[in-house]
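Participant: okay, predicted coordinates and the sequence, questions at the end:
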Amino acid sequence: MIWDGASYHCSQQLKAYLESVNRDLEERDWRVACLRFAPNDPSQNPIEDIWLQGKRFIREFYHVCNSFRAVQVLFALVTHRQTFSFPKLFRYSNFLQMT
């Protein structure tokens with residue numbers, strides 16, 4: 001699992017889940033391992049590239065954004081049903097091979 005350490009990613013519920021799946025296992029044998037990125041760091045976290053693409057698209061079409069709902073529709077238009085490439089993931093290939 002790759003995450004950015006945002007507070008909602010570190011909830012008690014998630015911690016309890018990780019504890020339940022990895023209970024009594026050595027770290028090298030964990031069923032679910034986590035790699036933390038710095039929060040809001042586009043140079044490190046590949047998901048930030050998707051946010052940047054969405055924001056860039058919305059800025060191009062800001063003239064049709066007369067409501068928050070319009071912004072939501074535009075963001076969904078640019079992000080849903082697309083396949084994204086994450087060129088930065090090569091940095092973590094050693095970690096991804098372990099899991």
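Facilitator: Yep, it's here.

Participant: contacts and neighbour counts: CA atoms only from here.
Facilitator: Will do.

Participant: helix or strand right after the helix or strand that contains residue 48?
Facilitator: Using DSSP states H and E, residue 48 maps to helix 47-60. Downstream of helix 47-60, the first helix or strand assigned by DSSP H and E is helix 68-79.

Participant: thought residue 54 was touching residue 75, still the case?
Facilitator: Yes - the criterion here is CA atoms under 8 Å, and residue 75 meets it with residue 54 at 5.5 Å.

Participant: got the buried residues for the helix holding residue 48?
Facilitator: Of the residues in helix 47-60, 47, 48, 49, 50, 54, 55, 57, 58 count as buried by neighbour count, 16 or more other CA atoms under 10 Å.

Participant: quick one: these as TSV, columns for distance to residue 31 and pLDDT too.
Facilitator: Below are these laid out as TSV (distance: CA to CA, whole Å; pLDDT from 0 to 100):
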residue	distance to residue 31	pLDDT
47	23	74
48	26	77
49	28	78
50	28	80
54	33	86
55	35	88
57	38	88
58	39	89
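
Participant: columns distance to residue 81 on top of those residues, output as JSON lines?
Facilitator: Below are these laid out as JSON lines (distance: CA to CA, whole Å):
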{"residue": "47", "distance to residue 81": "15"}
{"residue": "48", "distance to residue 81": "18"}
{"residue": "49", "distance to residue 81": "16"}
{"residue": "50", "distance to residue 81": "13"}
{"residue": "54", "distance to residue 81": "13"}
{"residue": "55", "distance to residue 81": "17"}
{"residue": "57", "distance to residue 81": "16"}
{"residue": "58", "distance to residue 81": "17"}
